[in-house]
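S.K.: Here is my input, please return the structure:
(one chain, ligands or ions: 1)
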Amino acid sequence: MKQNLLIGLAFHQQCRVVIVNTKEIVQNVTSSHQTTPTASAVLGRTLTAGLLLSSSLKGEEKYTIRLSGNGPIQEVVVDATAKGTVRGYVSHPSVHLPPKPNGKLDVSGAIGTQGLLTVVKHTENDLNFTGQTPFVSGEIAEDFTHYLVTSEQIPSAMGLGVLVNPDQSIQEAGGFLIQALPGVSESTLTSLERQLSTIPSVTNLLKNTHDLELLAKTITGDKTFQVLEYREVSFACTCSLKRTEETLMLLGKNELQSMIDEQHGADVHCNFCNAHYVLDEKDLTRLIRELTSQKA
Ligand SMILES: [Zn+2]
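M.R.: Predicted coordinates:
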């Protein structure tokens, strides 16, 4: 089992710290979507943010995260669950921009400097809570930090990084989230802010070590950092033939009949994992029969 996410406490239990190495997940998702390096950075940063946020969920809870911006990629969507699974896609995976003058991939140019970050929390009893904040910069980590501070009112800091090799494979990917716990002192927040302004970028930190505890100590500057638990996080898609059939049945008998008449079947594509579910006339007729028997 690969323990790629660490949860711990820093500053005498005044802050919760989460560190995640998402290299394999980002590699897996970006190669299945054939994203350009810029799109890989947008998608990889958002997948990483999703895993950081979902580390505080319980049971069957999950988050759906959507960034809609004025850049050419337009939109990135990520689902992340309490179980540590994540999936995601960008609307335009082939968008690529030249690197910025500092050599970094132009994430804000691709997703946009103006837009909305929407976070939907799906709870166990099917209640949804939606929070939404405007972009701060389109660099994604700052946008999530702003969301957490304004929408959830938790003093927070997030760092995200994706480094892409010349052959477009992922060299490094990961991130951190630091959140103040109730009762945090002003002096802790001030020293944390000062500390975070001195650390190298997430990808440079990951280039030095993949030891998550060491990374937590380096980022927080707190040698008394305390490990709570290690977890395994991974890519997983929840689509299936059964779910596809359930979705088709929601369209109703008339719509299914016109699919039979006009297309002689249905080809349903999953945006998250690129799976295709092909149903022929017989399958659709069976769904209509099931709908009829449900109503009887
Ligand atoms: Zn899927």
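
S.K.: Flag every residue of this protein that's near the ion.
M.R.: Cys237, Cys239, Cys270, Phe272, Cys273, Ala275 (Cβ under 5 Å from the ion). For the C-beta atoms, the positions are set from N, CA and C on the backbone; glycine is no exception.

S.K.: what ranges do the strands span in the stretch 51-200 of the chain?
M.R.: 62-69, 75-81, 85-90, 115-122, 128-134, 156-164, 170-180 (DSSP state E, counting those that start in this stretch).

S.K.: Run a quick neighbour tally on Phe176.
M.R.: Counted with other Cβ atoms under 10 Å, the neighbours of Phe176 add up to 27.

S.K.: which residues touch whichever strand or helix holds Thr244?
M.R.: Assessed by DSSP states H and E, Thr244 sits inside helix 241-250. Residues outside helix 241-250 that contact it (Cβ atoms under 8 Å, 6 or more residues apart in numbering): Leu256, Ala266, Val268, Tyr277, Leu279, Asp283, Leu284, Leu287, Glu290, Leu291.

S.K.: For Thr36, give its distance to Gly71.
M.R.: 13 Å (Cβ to Cβ, to the nearest Å).

S.K.: Need the residues touching each of the two.
M.R.: Val95.

S.K.: Between those two, which is the more surrounded one?
M.R.: Gly71 (24 against 21).

S.K.: Might you report the residue contacts of the closest residue to that one other than its chain neighbours?
M.R.: Leaving out its chain neighbours, the residue that sits closest to Gly71 by Cβ to Cβ, 6 or more residues apart in numbering is Gly112, at 3.3 Å. Neighbour list for Gly112: Gly69, Asn70, Gly71, Ile73, Gln74, Phe135, Gly138 [criterion: Cβ under 8 Å, 6+ apart].

S.K.: Show me which of those are buried.
M.R.: Among the contacts of Gly112, those classed as buried by neighbour count (16 or more other Cβ atoms under 10 Å) are Gly69, Gly71, Ile73, Gln74, Phe135, Gly138.

S.K.: hmm, which helix or strand of the protein has the shakiest average pLDDT?
M.R.: For the chain, counting by mean pLDDT, DSSP states H and E, helix 281-295 ranks last in confidence among helices and strands (a mean of 91).

S.K.: elements contacting it?
M.R.: Using 3 or more Cβ pairs under 8 Å, 6 or more residues apart in numbering; DSSP states H and E, the elements in contact with helix 281-295 are helix 241-250, helix 253-263, strand 265-269.

S.K.: still on that earlier bit, pLDDT for the contacts of Gly112 - can I get that in JSON lines?
M.R.: Listed next are the contacts of Gly112 as JSON lines, based on pLDDT from 0 to 100:
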{"residue": "Gly69", "pLDDT": "98"}
{"residue": "Asn70", "pLDDT": "98"}
{"residue": "Gly71", "pLDDT": "98"}
{"residue": "Ile73", "pLDDT": "98"}
{"residue": "Gln74", "pLDDT": "98"}
{"residue": "Phe135", "pLDDT": "98"}
{"residue": "Gly138", "pLDDT": "97"}
